[in-house]
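Student: build me a model from this:
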Amino acid sequence: MTGPFNGKVALITGGGTGIGAAVAAGFVAAGGQVVLMGRREAPLREVADPLGGLAVAADAADAASVRRGVALARERFGGIDVLVANAGGHGIGGIAETDDASWALSTRLNLDTAFVCTRELMPELIRRRGNVVVLSSLAGHFAGPNVVGYVTMKHALIGFTRSVARDQGRHGVRVNAVCPGWVRTAMADEQMQVLVQLGKARDVDDAYRLVTCNVPLGRPATAQEVAESVLFLASERASMITGTSLMIDGGASAVDLPTIAFAP
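Tutor: Below you'll find the predicted structure:
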């Protein structure tokens, strides 16, 4: 198959579900090959096998595991051109409720995974003049309630993106971030269930309507819509874009919260 990623290989962390799986499908459809990394082998294989990809069950925050994945990718495909640092997780609780273990877990799931994978892959990316796309969040620019760990780490990923882009651009390596708002995935469905349990929504669909009622486009994104932006930044069409964070939020970040009461 020919396409913008013909002859290119992407390593996608958190590739077994949601946005990661959608990026993998899009990358292969555009001519590329994929290596999917995550902690659970079964969902990785469900995505990778039909795509002719490689599933690597590994902790993306563990350097030895990442090095093993890179070695397997080289053996199977010859190298890696794109890193999609998509692994992440929640950091639930405000400052008073967040203990050391919760803080450390949020750091490891959201920030350490991107840091370790980018560091371990950088020699390969320099050699192949590749690039990195980091999955941050709308929470990388704004704060939701009682998620201090998640908000802090997603903000940190923006700084990480800019720092690495600053340092590695002279080596031909681009680094960008995408910042989705609500995306309809299995993980987000679980958060919608919280609103149902609190009696604020009748069901998951009603919960999504509630959380997007003040978003200009009035709906959550799909994983495919986020994947399209990731694929754009990873492609040569974005060859002069680095160090940026792209909002994929339906216009949520354009809303002036203190004026919502005046909306018709």
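
Student: going by C-alpha atoms from here, please, whenever you check contacts or count neighbours.
Tutor: Will do.

Student: the protein: strands as residue ranges?
Tutor: Counting by DSSP state E, the chain has strands at residues 9-13, 33-38, 54-57, 82-85, 131-135, 174-180, 183-184, 221-222, 245-248.

Student: pull the CA atoms of the third one into CSV?
Tutor: It stands for strand 54-57. Extracted in CSV, the C-alpha atoms of strand 54-57 (Å, rounded to 0.1, in the frame of the first residue of the first chain):
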residue,chain,number,x,y,z
LEU,A,54,3.6,-5.9,16.2
ALA,A,55,2.2,-6.0,19.7
VAL,A,56,4.7,-5.5,22.6
ALA,A,57,3.3,-6.0,26.1
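
Student: and the strands of the chain as JSON lines, adding distance to S239?
Tutor: Output for the strands of the chain, formatted as JSON lines (distance: least, C-alpha to C-alpha, whole Å):
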{"stretch": "strand 9-13", "distance to S239": "17"}
{"stretch": "strand 33-38", "distance to S239": "20"}
{"stretch": "strand 54-57", "distance to S239": "27"}
{"stretch": "strand 82-85", "distance to S239": "13"}
{"stretch": "strand 131-135", "distance to S239": "10"}
{"stretch": "strand 174-180", "distance to S239": "8"}
{"stretch": "strand 183-184", "distance to S239": "27"}
{"stretch": "strand 221-222", "distance to S239": "25"}
{"stretch": "strand 245-248", "distance to S239": "15"}
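
Student: now for those strands, which one comes closest to F142?
Tutor: Checking the strands of the chain against F142 by C-alpha to C-alpha gives strand 174-180 as the closest, at 10.6 Å.

Student: now for that closest one, which elements pack on it?
Tutor: When contacts are defined as 3 or more C-alpha pairs under 8 Å, 6 or more residues apart in numbering; DSSP states H and E, strand 174-180 packs onto strand 131-135, helix 148-168, helix 223-234, strand 245-248.

Student: just for the chain, where's the confidence low?
Tutor: Residues of the chain that meet the criterion pLDDT under 70 lie in 1-2.

Student: tell me who's in contact with A227.
Tutor: Shown in contact with A227 (C-alpha atoms under 8 Å, 6 or more residues apart in numbering): I19, G20, A22, V23, G26.

Student: same thing but at 6 Å, please
Tutor: By C-alpha atoms under 6 Å, 6 or more residues apart in numbering, the contact set of A227 is A22, V23.

Student: would you mind measuring from it to V35?
Tutor: Applying C-alpha to C-alpha, to the nearest Å, the value for A227 to V35 is 16 Å.

Student: repeat for G250
Tutor: Distance, G250 to V35, by C-alpha to C-alpha: 30 Å.

Student: before we move on, what about K8?
Tutor: In this view, K8 and V35 are 11 Å apart by C-alpha to C-alpha.

Student: cool, M187 as well?
Tutor: Using C-alpha to C-alpha, we find M187 at a distance of 22 Å from V35.
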